[in-house]
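Student: Whatever this is, show me its structure:
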Amino acid sequence: MVDETPAEPFLFRLNVEHTPSSNDPEGADEFYRAIGIMVVSWGSLEGHFVASLLTMMTIAPSELGVKLPMNWKARAAIWRKAFDVVSDFSMYRASAFHFLEKMESVALQDHVAVYWSGSYSCQKQYPGRIRHQTRASNGRKCA
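Tutor: So this is what the prediction gives:
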């Protein structure tokens, strides 16, 4: 049975500021730029990986299936299976497994970096091994 009592009204406030904002700490714009470059680069790499998976699944649907899984571990399993089972891909097995190993390490770091929330500090190393190497506007080197 569905509860039909109306929900209590609530106030939802969203403060939107431009980036960089006057409320940001000094040097934050450089940090935001580095995060943006990382996110866009990862998106591009992951897009190529997914396109490759879809192509392999089209070539060998009986071995690899026809539905692309959403989680990373299942996608990695299809990648491994493609280079283990499909004879046309077997000559690239070593390179493909090495590439997948690197992708897995980056995928785990990407999740931390994209969904991380915390305070910005030029004196801190951020999760996901993001190392910002340019100088902040105050001349300090950010790391």
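
Student: Can you spell out which helices and strands pack onto the host helix or strand of Ile37?
Tutor: Using DSSP states H and E, Ile37 maps to helix 28-59. Applying 3 or more C-beta pairs under 8 Å, 6 or more residues apart in numbering; DSSP states H and E, one finds that helix 28-59 makes contact with helix 72-85, helix 93-115. To be clear about C-beta, it is placed using only N, CA and C from the backbone, and glycine gets the same treatment.

Student: Can you check which of the ones you listed gets nearest to Phe31?
Tutor: For Phe31, the closest of these is helix 93-115, at 11.5 Å, according to C-beta to C-beta.

Student: pLDDT of that closest one, averaged?
Tutor: Averaging pLDDT along helix 93-115 gives 83.

Student: what angle separates that helix from helix 28-59?
Tutor: Put simply, helix 93-115 runs at 140 degrees to helix 28-59, going by axes from the mean of the first three to the mean of the last three C-alpha atoms, to 10 degrees.

Student: Packing partners of helix 93-115?
Tutor: Against helix 93-115 (3+ C-beta pairs under 8 Å, 6+ apart) you get helix 28-59, helix 72-85.

Student: Dump the shortest one to CSV, restricted to CA.
Tutor: Right, helix 72-85. Extracted C-alpha coordinates of helix 72-85, given in CSV (Å, rounded to 0.1, in the frame of the first residue of the first chain):
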residue,chain,number,x,y,z
TRP,A,72,34.2,-1.7,-14.0
LYS,A,73,35.0,-5.2,-12.8
ALA,A,74,32.5,-6.8,-15.3
ARG,A,75,33.9,-4.7,-18.1
ALA,A,76,37.4,-5.8,-17.3
ALA,A,77,36.2,-9.4,-17.2
ILE,A,78,34.8,-9.1,-20.8
TRP,A,79,38.1,-7.5,-21.9
ARG,A,80,40.0,-10.5,-20.5
LYS,A,81,37.6,-13.0,-21.9
ALA,A,82,37.8,-11.4,-25.4
PHE,A,83,41.6,-11.9,-25.5
ASP,A,84,41.4,-15.3,-24.0
VAL,A,85,38.6,-16.8,-26.0
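
Student: buried ones in that helix?
Tutor: For helix 72-85, a neighbour-count test (16 or more other C-beta atoms under 10 Å) marks 72, 75-76, 78-79, 81-83 as buried.
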